[in-house]
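1. Kindly return the folded structure for what I paste below:
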Amino acid sequence: MFINEVHINPPGTSDDNCEFIELLGTPGRKLDGYAIAVLNGTQEKYYNANTMPPPPFPAPEIDEFFSLDGLALGSNGLLVLVVRNPGTFYFPEMLPDSNWANWTILWNGGLDVPGTINNDGSTTFLLIRNRPGQTESDPCDPNGLRWGKQIAHDAEYFPIGGDNYQYGNGNLDRGQPLGLGGSDTLDMTGLGNADLSDDLEIVDEVSFEDGQGWEHDTDGRHVDDGSTFDGLPHRHVHAFDDPANFNPDALSRVDYRTKGDGWAPAPDATGEMANGNNWQDTATEQWIRGESIPGYLPEFGGAPVYFYLNEPNSDPNAVQPYETHVPSWLYDGNAPDYSFAPYTYQITAGRINSLAMPFIPGDCDRDGACDTNDISKIAAVFGDDDWIFSNSFYDAPEGDSGDPATQTRPWDVDATGDNGIEASDLQWTLNFQSDTTGQIAGIQYDSNVPAASGVVLNPNVGVECSVTTVVNIPGGRTLTTLRVGDIVEVRVRGRLTAGVNTTAGEQNGIMQYVHDVVIGAPDVLKVTAVVPLGSFSKTRASLEALQGTDGDLGVDLINGYSTSFTRGLVLTAGLYRVTLQAIGPGMADVTVWPAADARFADSTPTGLKVGHTDSDGDPNTSYYPASLAMIVFSKADFNHDGNVDFVDFSILGSQWLGAPHNPSADIAPDGGDNMVDGLDLGVFSDEWPENGGI
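-> Below is the predicted model:
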């Protein structure tokens, strides 16, 4: 998920009712715990000593803050925060598949009322999670408010020589001394203790400056090192080039990907990548940004809409000769290219940006494709409750200065809002394998016409999947005549029994399972191995947990996935094989169940290509097999009466040195020679009840 488009209040105009901040990500994703912060850096960094303290005015502060608790991305992946409710006059382009929220009623900390975005200085937009201090869901945190409107996020005094002082340093405060004899700053990051679980997480950011104010880009990477070109100065990776000394009215993201080898730096500069290029997610190569101008389109009934102002820019330092700047790949003569003709690029709330690279749900490494690399990344953290990721602030313990293609990212994409990595997160990647559109057929993305192509996600209403078991006992005995040492193989299988869809591109076969195998009594059987079958692979083997003593009560969280959409549609599909060993005489039931851990039992949301246990996705055990009743006898209990006695001794004698015919008394581990001989007598002796042997 990332910041997709922003329309900011241009100074001196009357479009206060048309501001918005738009997010884009995986459809239906809940945003509990997330927030948007607009950090104002003002237009100055240096002040005369005679003016400090008190702090300068205006000082860097959080200009606007919006908690996203209770909100979710729409069915097209869009959520728009707007300054007033959409209607026929304001935001008429909003699509019904986009979610929106009026930011004037969102929680902002309570220190000030929400307003419009101040863009008369340097500005940074942050999408954050796991912020320290008081939040909407935890208003009584003893650390007080750290993130909210009007909070001073960068409040330090530094003497810089002569009579000059610096106020702030462009970084988030971490509770360090304020300076000039003042008290400590607020800890904005959660670094006050060694527990990484409460550290601030920066999900996305973008910044620009006006004059020489602070940009609060928190990423530790830089671009255009050593540049002497005013238009492309040395700067943080998520900061724009200087767009010729104007504050952009709008920012439109056109790429979210890592772009492989990165971007070529300015002619006189170098980049921090190993190949000398700038990092792949350099802000200048990801965004259109510029001034805006109102216009009118007939399809919106005369309501004002906004376009980028494509007028010439006379500033000699301008990177491009217009008051709209675009990535170089949209201005190189190779399609697609941005048109600088008047009124050609509309700034739209609740619609996918024109010219944007498709966002593909589940594309964890941001390379534009869902493939085995993405599956591996999710599998590595599958089952984690509250996953901490890097690419945060510059001194985060997790680090944030590495290649974004290899860094960990927030891949919790499901609709549960619990910030754990679940089967539904993996399912998005499985669904979008080989898809290049990133779209779901039938959903509105950039017009009122639903998408005709893309991934088909039919609802799971009426879909039922039955689980069955098949038993193999290599020794040839039955479940009720097992002997200590016998091996039992239980193959767990599945097949859709209702709601089967075999239409090409719409198949809804079994793609994942998360089960518990329960042994009803200890010291009788134990699990020795769990092996996935067919095209299934283990998602994360370390999740499987033997229960009891060495697995004599079963195993929890047997998990696996398939990249095929057709498993269990026409034929019963093998999911996995559980190998049991008989370890002691007695009776025990063996049961296959949906995993008791609720994160997995019902974690795949409606509409995804997976066979559920029933039509609403609940783990209805009526679709699971009855328990397997197993009885294990001592090796020497030949007549299965529960005792080792003279009856069994007589059976041993009657078969002594008999011709090979798999006699019941052949109990020695001698390679199955089907002969009753001295080796078997030795085993029998170990179990003879009198005097420890015969």
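2. mind checking how far stretch 205-220 is from the chain centre?
-> Distance, stretch centre to chain centre, for stretch 205-220: 27 Å (C-alpha atoms, centre = their mean, to the nearest Å).
3. Just the buried positions in that stretch, please.
-> For stretch 205-220, a neighbour-count test (16 or more other C-beta atoms under 10 Å) marks 205-210, 213-220 as buried. (Glycine included, C-beta is placed from N, CA and C.)
4. From those, which land in strands?
-> 205-208 (DSSP state E).
5. where exactly do the helices run in the stretch 301-450 of the chain?
-> 372-381, 423-431 (DSSP state H, counting those that start in this stretch).
6. got a markdown table for those helices, with mean neighbour count, distance to E323 and mean pLDDT too?
-> Formatted as a markdown table, these follow (neighbours: other C-beta atoms under 10 Å; distance: least, C-beta to C-beta, whole Å; pLDDT from 0 to 100):
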| stretch | mean neighbour count | distance to E323 | mean pLDDT |
| --- | --- | --- | --- |
| helix 372-381 | 18 | 39 | 90 |
| helix 423-431 | 25 | 39 | 88 |
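7. on that earlier part again, Serialize the ones in strands among the buried residues of stretch 205-220 to TSV and add fields for pLDDT and distance to D384.
-> Formatted as TSV, those follow (pLDDT from 0 to 100; distance: C-beta to C-beta, whole Å):
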residue	pLDDT	distance to D384
E205	94	24
V206	95	28
S207	93	31
F208	90	35
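8. which one of those sits closest to V467?
-> Nearest to V467 among these, counting by C-beta to C-beta, is E205 at 45.8 Å.
9. Could you pull up the residues touching that closest one?
-> Neighbouring residues of E205 by C-beta atoms under 8 Å, 6 or more residues apart in numbering: 3, 124-127, 217-219, 238.
10. Repeat the analysis, applying 7 Å as the threshold.
-> By C-beta atoms under 7 Å, 6 or more residues apart in numbering, the contact set of E205 is 124-126, 217-219, 238.
11. Now the two most distant members of the buried residues of stretch 205-220.
-> D210 and G220 (23.7 Å).
12. where does the protein have its least confident helix or strand?
-> Least confident helix or strand of the chain, by mean pLDDT, DSSP states H and E, is helix 598-601 with a mean of 52.
13. still on that earlier bit, which two of the contacts of E205 lie the greatest distance from each other?
-> Spatially, the most separated pair among these is F125 and D219, at 13.3 Å (C-beta to C-beta).
14. circling back: from the ones in strands among the buried residues of stretch 205-220, which is closest to I583?
-> I583 has its nearest neighbour among those in E205, at 57.0 Å by C-beta to C-beta.
15. Please name the bridge partners of the closest one.
-> Beta-bridge pairing for E205 (DSSP bridges): L126.
16. what separates it from K538, distance-wise?
-> According to C-beta to C-beta, to the nearest Å, E205 and K538 sit 36 Å apart.
17. rewinding a little: I'd like the helices of the stretch 301-450 of the chain laid out as CSV, including distance to P660.
-> CSV is the format used below for those (distance: least, C-beta to C-beta, whole Å):
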stretch, distance to P660
helix 372-381, 49
helix 423-431, 51
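18. Mind picking the one among the contacts of E205 that's closest to G678?
-> Nearest to G678 out of the contacts of E205 is D219 (C-beta to C-beta; 75.9 Å).
19. Could you report the pLDDT at that closest one?
-> Model confidence at D219, given as pLDDT, is 89.
20. same check, this time on N17
-> Taking N17 on its own, its pLDDT is 86.
21. what do you get for R483?
-> For R483, the model assigns a pLDDT of 89.
22. Contact partners for G350?
-> Contacts for G350 (C-beta under 7 Å, 6+ apart) come out as 78, 80, 91, 93-95, 98, 100.
23. what's the spacing between stretch 228-247 and its chain's center?
-> Distance of stretch 228-247 from the chain centroid (C-alpha atoms, centre = their mean) equals 31 Å.
24. and it, average pLDDT?
-> pLDDT averaged over stretch 228-247 gives 83.
25. need the longest strand for the chain.
-> Longest strand of the chain, by residue count under DSSP E: strand 487-498.
26. Give the other helices and strands that that strand contacts.
-> When contacts are defined as 3 or more C-beta pairs under 7 Å, 6 or more residues apart in numbering; DSSP states H and E, strand 487-498 packs onto strand 464-472, strand 573-582.
27. From the contact counts, what lies against the helix or strand just after that strand?
-> As assigned by DSSP states H and E, the chain's next helix or strand after strand 487-498 is strand 512-519. When contacts are defined as 3+ C-beta pairs under 7 Å, 6+ apart, strand 512-519 packs onto helix 423-431, strand 554-561, strand 586-594.
28. These into JSON lines, with extra columns for distance to Y34?
-> Shown next, in JSON lines, are the helices and strands packed on strand 512-519 (distance: least, C-beta to C-beta, whole Å):
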{"stretch": "helix 423-431", "distance to Y34": "16"}
{"stretch": "strand 554-561", "distance to Y34": "27"}
{"stretch": "strand 586-594", "distance to Y34": "30"}
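29. burial measure for P55, as a count.
-> For P55, the number of neighbouring residues by other C-beta atoms under 10 Å comes to 19.
30. go on, the one 4 residues further on?
-> Close neighbours of A59, defined as other C-beta under 10 Å, add up to 16.
31. repeat for L68
-> A count of nearby residues for L68, using other C-beta under 10 Å, gives 24.
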